[in-house]
Each structure stands twice: as C-alpha cells, then as structure tokens.
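Undergrad: how would this look folded up:
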Amino acid sequence: QAEDGIRDSVASRGLGDVYKRQPLHEAFDVVCGTSIGGAGALLMAHTEDPLEQCRKAMSDMADAVSAYSSAMVLLQQGRFEPGAEALRSIVDGGGLPSHMLPDAFANLGTALSALSRHEEAIGALSDAVASRPSNGHFRYNLALSLADRGRAAEAETHYRASIRLSPGPSAAGAYNNLGNLLVRAGRRTEALGCFRGAVASDPTHAMSHNNLANLLRDKADDEALRAAGQSYAKAVRLAPRYLEAYKNLGNLMKERAAWRQGAVRAYRIALSLMPLPYATAGREIISNLGETLQWLGRAAAANACLLY
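TA: Numbers count the residues shown, from 1 in each chain. Below you'll find the model as predicted:
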C-alpha cells in the first residue's frame, strides 16, 4: 500500500532547498554618523544634562551601535554562539537607540534558535514582537520557535498574525507552516485552506503545492486526484530536485492503471536523487516501483526491484 508523503515544514534553520527562517533584520537605516548625531541633538534639546554628559551618552550609543554591527557580522558568518552572547550583552547593557532594539531582539532570537536554545529564543522574539507588534517577520519567527517547543496554539496565533501583517509572497511560508500545524491537530479542512492560501500568495512556493496535493488526495475522487497530480507536477517543475514530491507523485499515479507509466518515471527520478546505499525511504520507493512494474506486466524488472 502506497503511503502518503511527508508533509514538509518550512525550515527554521539549516541548509537545503526549503524555505528558510526570515533573514536577520538590518537595523541601520542610516550610517552611524547621522543616526548618532541626530540622537545626540535630540538628547541635548530635551534634557538639561551638561554638554559632557551628552557627549558621554552619544559615545556610549556609538559604542553600542558599533558592537551591534560586529555582532551582526558574527551571525552572518554563522558564528551564532559568540554572536548571541554579543547581542545579549548589547540589549542588556542599554545604549542602543530605541528604534534598533526590536531588530536586536529579533536577531538575538534567530541566533538562539539556531543554537537550539528555544526557550531563550522565544523570550527574545517575544520582546521583539512586544516592541514592534506590527512586524509580520517577527511574528513568523516567534511562531517557528513556539512550534519547535510544541506550543501549537500560540504558534497558530502568531502565524495568523504574520499572514495578516505581511500579505503577498512572504505570507506563503506562514500559510504552509500553519497548514502543517492544523494537519497535526486533525483540522484537515482548515489546513487545506491554508495550503490554498500559500499557493495563492506565492505560486512559486513548491512545498505548498506538494502539501496541497497531499490533502487533495483525501477526497479520492477523480477530479480531486487529477488536481493533486497537477499540484505535485507544479512542485517538481518549480523544484526539480524535490524528492518527496516525486515520491508522492509516484504514489498517486501508482493507484490508477492509466497513470502507472508516469508512476514508474516519478519513482525512478526520486531514486536518482537519493544517495547510495539506499536508506529505508529508498527501499520503500524501490518496493513501490517493483509493484508498479509487476502490474504493468514487466516481470523481470519488477523482480529485480522486489529482490533488492
């Protein structure tokens, strides 16, 4: 019996051909000179501090901004441990201009999540959201960390907020991950709506086409199965090395006699994308390929697969 394929989640970190956690947030709207100088002018205009105190405050602010810049370089180099420690020191120490703090908290949360320090990441990202509640990217990253900790209801809230605050192509990842949460909760009809929302927001989001197809197969009627096949085909057209989508397409086509030649092609492409020796997933594909070849009357090729 062919199995449904894995429903991918948008990746929160790491390499691969899947959607990534939202990028580090640039906090430098202007280079330090203008930003620090403007802050200093406001400080002098709105306080009665002596000039020397204003100069010290400006110097501390410049030091904090410079340290923040250095911490960002560490994160961009993938050096998350020292980068996170530097950012923690900056946000705890004060001195950073207030308009930069939300980005600093967000980037600290991203670094902590990369280190699998999820509870700390949730704290930093919650501070980012509290400081700038209208930022959809902050909400998305917070939802990812909450989902990592199994806090599905809270993750759902922030995914929905991210979709509302960041419509268009950037909402596809949030729709997709929300759909996966709903599938795991048994709310498959709502999940189907999320995957439809993902591909409507970004028609090039291959993962969402694959996940949409997985749920369309629930209906098992010809119209739904054809729509599922079209969605799998879109997924592999958009991501030619998308192994799971090829495997799922093969599993779908295997169950219809008129589609079995297509299933053979899909399985063979999936196998070509897997490293040798084949692990369990590869052996399952070989088994399904052998069964399909047997149904097509190609006994020698089927036996070669079934004896693997």
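Undergrad: Could you check how many residues crowd around residue 201?
TA: Counted with other C-beta atoms under 10 Å, residues neighbouring residue 201 total 21. (Glycine included, C-beta is placed from N, CA and C.)
Undergrad: Residue 227 is in contact with residue 214, isn't it?
TA: No: the criterion here is C-beta atoms under 8 Å, and residue 227 misses it with residue 214 at 11.9 Å.
Undergrad: Comparing those two, which residue is more hemmed in?
TA: Set residue 227 next to residue 214 and count neighbours by other C-beta under 10 Å: residue 214 wins out with 28 against 16.
Undergrad: Could you name the specific helix or strand carrying that one?
TA: Using DSSP states H and E, residue 214 sits in helix 206-216.
Undergrad: which other helices and strands contact that helix?
TA: Under the contact criterion of 3 or more C-beta pairs under 8 Å, 6 or more residues apart in numbering; DSSP states H and E, helix 206-216 touches helix 172-184, helix 188-201, helix 222-238, helix 243-254.
Undergrad: between the second one and helix 206-216, how many degrees?
TA: It refers to helix 188-201. Compare the direction of helix 188-201 with that of helix 206-216 by axes from the mean of the first three to the mean of the last three C-alpha atoms, to 10 degrees and you get 150 degrees.
Undergrad: What would helix 188-201 look like as CSV? C-alpha coordinates only.
TA: Extracted in CSV, the C-alpha atoms of helix 188-201 (Å, rounded to 0.1, in the frame of the first residue of the first chain):
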residue,chain,number,x,y,z
ARG,A,188,-7.6,19.0,7.7
THR,A,189,-10.3,21.1,6.1
GLU,A,190,-8.8,24.3,7.6
ALA,A,191,-5.3,23.1,6.6
LEU,A,192,-6.4,22.7,3.0
GLY,A,193,-7.5,26.3,3.1
CYS,A,194,-4.1,27.3,4.4
PHE,A,195,-2.2,25.4,1.6
ARG,A,196,-4.5,27.1,-1.0
GLY,A,197,-3.7,30.4,0.6
ALA,A,198,0.0,29.6,0.4
VAL,A,199,0.0,28.9,-3.4
ALA,A,200,-2.3,31.9,-4.0
SER,A,201,0.1,34.1,-2.1
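Undergrad: got the buried residues for it?
TA: Buried positions in helix 188-201, judged by neighbour count with 16 or more other C-beta atoms under 10 Å: 191-199, 201.
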